[in-house]
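Dropping a prediction and its sequence here:
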Amino acid sequence: MATARTLVDLTSREYKNGGVPFLKVHQAMMVLHRAELDACESDRERIAVHERMVAATKEIEKTVEELLRASEAPQSDSLQAKLNRLDAQIALERARSVN
């Protein structure tokens with residue numbers, strides 16, 4: 001999981017500097033998210049992972065919006081970031097409804 005976290009950090013920094021497309025950040029986040037969920041042993045742990053994912057996608061959405069306002073990111077990145085956050089929020093609500 002440490003490798004997946006490192007990948008997320010690296011691709012996020014590279015995206016902010018214009019080095020990689022947003023899709024790379026999203027893909028890295030999904031790898032980390034799946035790894036964390038696979039390691040969970042309880043519903044409580046799964047909910048915590050989903051909560052972290054929601055927080056992370058909100059932060060990325062905020063960053064992308066700032067880049068968009070500065071004309072440093074395309075609108076499609078903004079829409080993708082919003083969809084990723086919504087997906088994360090839906091997954092969290094589904095995990096909570098299991099309990």
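Nice, thanks for sending it over.

contact partners of the worst-scoring helix or strand of the chain on mean pLDDT?
Least confident helix or strand of the chain, by mean pLDDT, DSSP states H and E, is helix 22-39 with a mean of 90. Residues outside helix 22-39 that contact it (C-beta atoms under 8 Å, 6 or more residues apart in numbering): 1, 4-5, 7-8, 10-12, 14-15, 45-46, 49, 52-53, 56-57, 60, 64, 73, 77, 80-81, 84. Just so you know, the C-beta spots here come from the backbone N, C-alpha and C atoms, and that holds for glycine as well.

rerun at 6 Å
1, 4, 7-8, 11-12, 15, 49, 53, 77, 80, 84 (C-beta atoms under 6 Å, 6 or more residues apart in numbering).

what are the ranges of the strands in this protein?
For the chain, no strands are identified by DSSP state E.

Measure how buried residue 34 is and give me the count.
12 (other C-beta atoms under 10 Å).

same check, this time on residue 61
20.

nearest spatial neighbour of it, skipping sequence neighbours?
residue 81 (4.2 Å; C-beta to C-beta, 6 or more residues apart in numbering).

rewinding a little: only C-alpha atoms, please: export the least confident helix or strand of the chain in PDB.
This file holds the C-alpha atoms of helix 22-39, laid out as PDB (Å, rounded to 0.1, in the frame of the first residue of the first chain):
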ATOM      1  CA  PHE A  22      -5.800  14.300 -14.500                       C
ATOM      2  CA  LEU A  23      -6.700  10.800 -15.500                       C
ATOM      3  CA  LYS A  24      -3.300   9.600 -14.100                       C
ATOM      4  CA  VAL A  25      -4.200  11.000 -10.700                       C
ATOM      5  CA  HIS A  26      -7.600   9.400 -10.700                       C
ATOM      6  CA  GLN A  27      -6.100   6.000 -11.700                       C
ATOM      7  CA  ALA A  28      -3.500   6.200  -8.900                       C
ATOM      8  CA  MET A  29      -6.200   7.100  -6.400                       C
ATOM      9  CA  MET A  30      -8.300   4.100  -7.500                       C
ATOM     10  CA  VAL A  31      -5.400   1.700  -7.100                       C
ATOM     11  CA  LEU A  32      -4.800   3.000  -3.500                       C
ATOM     12  CA  HIS A  33      -8.500   2.900  -2.700                       C
ATOM     13  CA  ARG A  34      -8.900  -0.700  -3.900                       C
ATOM     14  CA  ALA A  35      -5.800  -1.700  -1.900                       C
ATOM     15  CA  GLU A  36      -7.100  -0.100   1.200                       C
ATOM     16  CA  LEU A  37     -10.500  -1.700   0.800                       C
ATOM     17  CA  ASP A  38      -8.900  -5.100   0.300                       C
ATOM     18  CA  ALA A  39      -7.000  -4.800   3.500                       C
END
